[in-house]
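[1] Sharing a model that was predicted from the sequence below.
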Amino acid sequence: MNRTRLRLERSLGELDIEVSSLLQSHPSATEFWPRFAELADELMQRSDPTDQDWLTARIGAMLSTHGVQGSYPLF
């Protein structure tokens, strides 16, 4: 795995922790999604364009693990 992916893996771990916190403090989807999207968008902006499909899939899997309905990115 290259350095970029290793950094992204670490950032995904941090985002995963944030998802748990956000779900506790903002259980309503209308409150959760804007806050989550802000964090995920920041991560996407820091990533290389060649990693974005991989990153989107990983974020989707993370949300699914937490039982979040919906998908990222938001359209």
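    Structure received. Computed from a prediction, not measured in an experiment: that's the story for all the values here.
[2] continuing past the helix ranked longest in the chain, what's the next helix or strand?
    The helix that spans the most residues within the chain, counting by DSSP state H, is helix 3-25. The C-terminal neighbour of helix 3-25 among helices and strands, as given by DSSP states H and E, is helix 29-46.
[3] Poorly predicted segments of this structure, please.
    Within the chain, the segments meeting pLDDT under 70 span 1, 75.
[4] re earlier: now the angle from the longest helix of the chain to helix 29-46?
    Here helix 3-25 runs at an angle of 170 degrees relative to helix 29-46 (axes from the mean of the first three to the mean of the last three C-alpha atoms, to 10 degrees).
[5] buried sites along helix 3-25?
    Within helix 3-25, the residues scored as buried using 16 or more other C-beta atoms under 10 Å are Arg5, Leu8, Ser11, Leu12, Leu15, Val19, Leu22. Where you see a C-beta, it was placed from the backbone N, CA and C, and this is true even at glycine.
[6] Off-centre distance for it?
    Relative to the centre of its chain, helix 3-25 is centred 7 Å away, using C-alpha atoms, centre = their mean, to the nearest Å.
[7] got the contact list for it?
    Contact with helix 3-25 is made by 1, 32, 35-36, 39-40, 43, 46-48, 51, 54-55, 58-59, 62-63, 66, 68, as judged by C-beta atoms under 8 Å, 6 or more residues apart in numbering.
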